[in-house]
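Asks: Okay, sequence plus prediction incoming.
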Amino acid sequence: NSDELNSLLKQIYAEYLTKDIHFSRKIDSLVTLLAVSLSRQINSISRHGNQEMALLMSFQKARLQILSQCWEDWNIERMCALVHMGKSQFYSYYKIFFHNSPKAELLAARLDYAKNLLTNESMQVQEAAELSGFHSVAHFTNYFKEVCGCTPKEYAKKGQEIIKV
């Protein structure tokens, strides 16, 4: 696993820096261990790779659909249906593949979409919230302020000033 590889790399580096007696022999041994560990990981990936690759591709396709249509009403059941899995399995694989939760990514995509909408000077905050998939303007405003450091209205005003310049 990656922890083992990181540990070996740190040990090699430490030996190189300290240059204690027989450091070159120890570095040779550690490099050999590193090569064996990498070889085992590659072998493991090749044995399980086809299934995992198909699963990853299925998740990438689902993720693209979810994030590119972020304004839609995405609940966990609908997301799971895209890859034909149950909730806990879906969450686990999603986190493994993308290092984030589907909810966090969906919220971030909705926020980015709303920010884009707010640059249109005729767009009202409530309308931007609804069009980007937020069902509550209060929730949208609180989340926006938490993430962006300003209210949606302040953001829209700043964005319009920048566009005019």
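Replies: Structure received. Numbers count the residues shown, from 1 in each chain.
Asks: Cross-check the contact I'm expecting between residue 151 and residue 144.
Replies: Yes - between residue 151 and residue 144 there is a contact under Cβ atoms under 8 Å: 6.7 Å. C-beta here means a position set from N, CA and C on the backbone, and glycine is covered the same way.
Asks: Looking at the two, which is more packed in?
Replies: residue 144 (24 against 14; other Cβ atoms under 10 Å).
Asks: so what's that one up against?
Replies: Counting by Cβ atoms under 8 Å, 6 or more residues apart in numbering, residue 144 touches 111, 114, 150, 151, 152, 155.
Asks: measure the last one to residue 120 for me?
Replies: Here the criterion is Cβ to Cβ, to the nearest Å. By it, residue 155 lies 12 Å from residue 120.
Asks: Neighbour count: the two, which is higher?
Replies: More crowded of residue 155 and residue 120, by other Cβ under 10 Å: residue 155, with 20 against 14.
Asks: Could you pull out the strands in the chain for me?
Replies: When assigned using DSSP state E, the chain turns out to have no strands.
Asks: in it, what spans have low per-residue confidence?
Replies: Under the criterion pLDDT under 70, the flagged ranges of the chain are 1, 44-49, 159-165.
Asks: Report back the residue of it that's furthest from centre.
Replies: Computed with Cα atoms, centre = their mean, the residue of the chain farthest from its C-alpha average is residue 21, at 44.7 Å.
Asks: any idea how far it is from residue 12?
Replies: Computed as Cβ to Cβ, the residue 21 to residue 12 distance reads 16 Å.
Asks: Likewise for residue 93?
Replies: Distance, residue 93 to residue 12, using Cβ to Cβ: 33 Å.
Asks: circling back to that earlier point, distance to residue 77 added to the contacts of residue 144, as TSV?
Replies: Formatted as TSV, those follow (distance: Cβ to Cβ, whole Å):
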residue	distance to residue 77
111	23
114	24
150	35
151	33
152	29
155	33
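Asks: All good on my end, thank you.
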